[in-house]
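Engineer: 3D, please:
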Amino acid sequence: MADRFSRRGALAMAGVLQGGGYAVWTVFPHFTGFAAGFVLWGVGGALFTGSMEALLYDGLRALDAQRHYPTVWGAVTATGMLAQLPAALAATVLFAEGGFRLVGWVSVAGCTVAGLLALRLPEAPHGPAPTQTHEPAEDTEADQDQVAPPVGGYVATLRAGIREAIGLPSVRVAILAVALLVGFDGLEEYFPLLATDWGIPTGAVPLAVVGIPLLGAAGAALGGAANRWPAAVLGGLLAVAFALFGIAGLLHVPAGVAAIAVGYGLYRLIEVVASGRLQERIDGARRATITSVAGLGADLGAIALYAVWPLGRLTTVAVLGLLVAVALPRWLRPPTPPRRH
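Structural biologist: Here you go, the predicted structure:
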């Protein structure tokens with residue numbers, strides 16, 4: 001949708017649909033209502049995934065500033081994580097004053113305002129990256145990663161985007177890296193439960209785990225600087241992150257929350273770098289569609305994480321993460337430039 005029509009419009013519609021999800025939850029607070037609300041929420045999330053990255057990268061590219069994408073995307077990610085803290089505080093106050101309904105309607109308003117703000121974002125034209133036109137065509141062999149803009153309707157755009165995501169090796173490995181890394185973010189659902197299991201009183205859990213998103217935001221904010229580091233260093237840092245997760249899982253003590261926080265910060269740093277490497281390898285008008293393929297892979301990865309969690313909990317996830325860390329340097333290595341004759 002974002003590639004065929006408008007990235008900005010997709011973001012605006014995402015806000016409206018997610019606000020609609022909150023509205024359904026507020027008006028129909030039972031099983032059926034929550035199921036319907038999650039459908040709206042999921043469709044809104046699908047419209048957001050890929051649209052934001054494409055809008056940002058192409059906007060920077062129009063200013064010849066695409067090299068700054070990891071820095072800006074890291075700032076966006078860090079801001080989103082930091083916003084969870086005042087949002088949680090506001091939800092606590094609102095719930096005390098007006099219960100679930102007040103929290104729900106304020107959430108509807110927040111999503112709607114976000115959608116309206118998205119309409120004010122500038123949107124660069126969709127299309128392949130500018131190429132040098134002063135060289136004679138017969139002297140230059142077309143790069144195999146260069147593709148023509150999509151022609152036709154929605155289905156043609158979707159088909160072309162998926163074909164590029166799967167068919168171009170440099171894009172395919174970057175999608176794999178992003179999908180696996182983002183899939184591990186499902187871990188955050190378990191952090192409060194782990195804190196409780198490790199002996200932290202329930203009432204103290206919110207304060208005990210507050211350092212996790214804070215260090216995660218710090219790691220994301222450093223993603224721009226880390227983008228210049230060698231791929232081997234990035235793989236090593238990811239290995240350290242998952243090693244800390246594994247140690248915390250084995251020790252099973254309250255101090256393990258601190259190890260998780262440090263590991264989560266390193267993990268978020270690598271995730272921002274991987275997102276930037278993916279955008280660098282996409283060339284064409286299907287940026288949002290290709291990025292959404294990575295988002296779909298991340299969702300499937302998160303489901304797989306939930307499935308393997310009972311087998312060994314945090315230690316099992318740490319082992320899987322270490323395997324990804326071993327392969328990561330190869331996946332994030334700059335692609336080989338095309339031959340020219």
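Engineer: Give me the pLDDT value at residue 204.
Structural biologist: Confidence at residue 204, expressed as pLDDT, is 89.
Engineer: so it, which of the three states?
Structural biologist: helix (DSSP: H, G, I helix; E, B strand; the rest coil).
Engineer: which one is residue 225 nearest to, not counting chain neighbours?
Structural biologist: In this structure, residue 225 finds its nearest non-sequential neighbour in residue 71, 7.7 Å apart by CB to CB, 6 or more residues apart in numbering. The way it works is simple: take the backbone N, C-alpha and C, and place the C-beta from them, glycine included.
Engineer: swap in residue 272?
Structural biologist: In space, and not counting its chain neighbours, residue 272 is closest to residue 223: 2.8 Å by CB to CB, 6+ apart.
Engineer: tell me the contacts of the one you found?
Structural biologist: For residue 223, the contacting residues are 70, 71, 73, 74, 77, 268, 269, 271, 272, 273, 276, by CB atoms under 8 Å, 6 or more residues apart in numbering.
Engineer: returning to that earlier point: next, the residue nearest to residue 225: secondary structure please.
Structural biologist: Per three-state DSSP, residue 71 ends up helix.
Engineer: What is the neighbour count of it?
Structural biologist: Applying other CB atoms under 10 Å, we find 19 other residues in the vicinity of residue 71.
Engineer: Residue 263 and residue 239 touch, don't they?
Structural biologist: No - if you go by CB atoms under 8 Å, residue 263 and residue 239 don't touch, sitting 10.4 Å apart.
Engineer: These two - which one has more neighbours?
Structural biologist: Under the criterion of other CB under 10 Å, the comparison of residue 263 against residue 239 puts residue 263 first, with 28 against 19.
Engineer: Distance-wise, check that one relative to residue 18.
Structural biologist: Between residue 263 and residue 18 the computed distance is 30 Å (CB to CB, to the nearest Å).
Engineer: Repeat that for residue 44.
Structural biologist: Distance from residue 44 to residue 18, by CB to CB: 4 Å.
Engineer: Pull up the overlap in contacts between these two.
Structural biologist: Shared contacts of residue 44 and residue 18, defined by CB under 8 Å, 6+ apart, are found at residue 111.
Engineer: Between the two, which has more neighbouring residues?
Structural biologist: More crowded of residue 44 and residue 18, by other CB under 10 Å: residue 18, with 26 against 23.
Engineer: so what's that one up against?
Structural biologist: By CB under 8 Å, 6+ apart, residue 18 lies in contact with 40, 41, 44, 45, 111.
Engineer: Mind checking what secondary structure it has?
Structural biologist: When classified by three-state DSSP, residue 18 comes out as helix.
Engineer: What residue, apart from its backbone neighbours, is nearest residue 276 spatially?
Structural biologist: Distance criterion CB to CB, 6+ apart; nearest residue to residue 276, sequence neighbours excluded, is residue 70 at 3.6 Å.
Engineer: Was I right to think that neighbour contacts residue 275?
Structural biologist: Yes - between residue 70 and residue 275 there is a contact under CB under 8 Å: 7.5 Å.
Engineer: So which of the contacts of residue 223 are in helices?
Structural biologist: 70, 71, 73, 74, 77, 268, 269, 271, 272, 273, 276 (DSSP state H).
Engineer: how many neighbours does the last one have?
Structural biologist: This means residue 276. Residue 276 - counted by other CB under 10 Å - has 27 other residues nearby.
Engineer: tell me the contacts of it?
Structural biologist: Contacts of residue 276 (CB under 8 Å, 6+ apart): 69, 70, 73, 223, 227.
Engineer: List the contacts of the third one.
Structural biologist: Residues counted as contacts of residue 73 (CB under 8 Å, 6+ apart) are 53, 56, 223, 272, 275, 276.
Engineer: Is it possible to get a markdown table of these that adds distance to residue 282 and pLDDT?
Structural biologist: Converted to a markdown table, the contacts of residue 73 look like this (distance: CB to CB, whole Å; pLDDT from 0 to 100):
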| residue | distance to residue 282 | pLDDT |
| --- | --- | --- |
| 53 | 9 | 95 |
| 56 | 13 | 95 |
| 223 | 18 | 94 |
| 272 | 16 | 96 |
| 275 | 11 | 95 |
| 276 | 11 | 94 |
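Engineer: No more questions from me, cheers.
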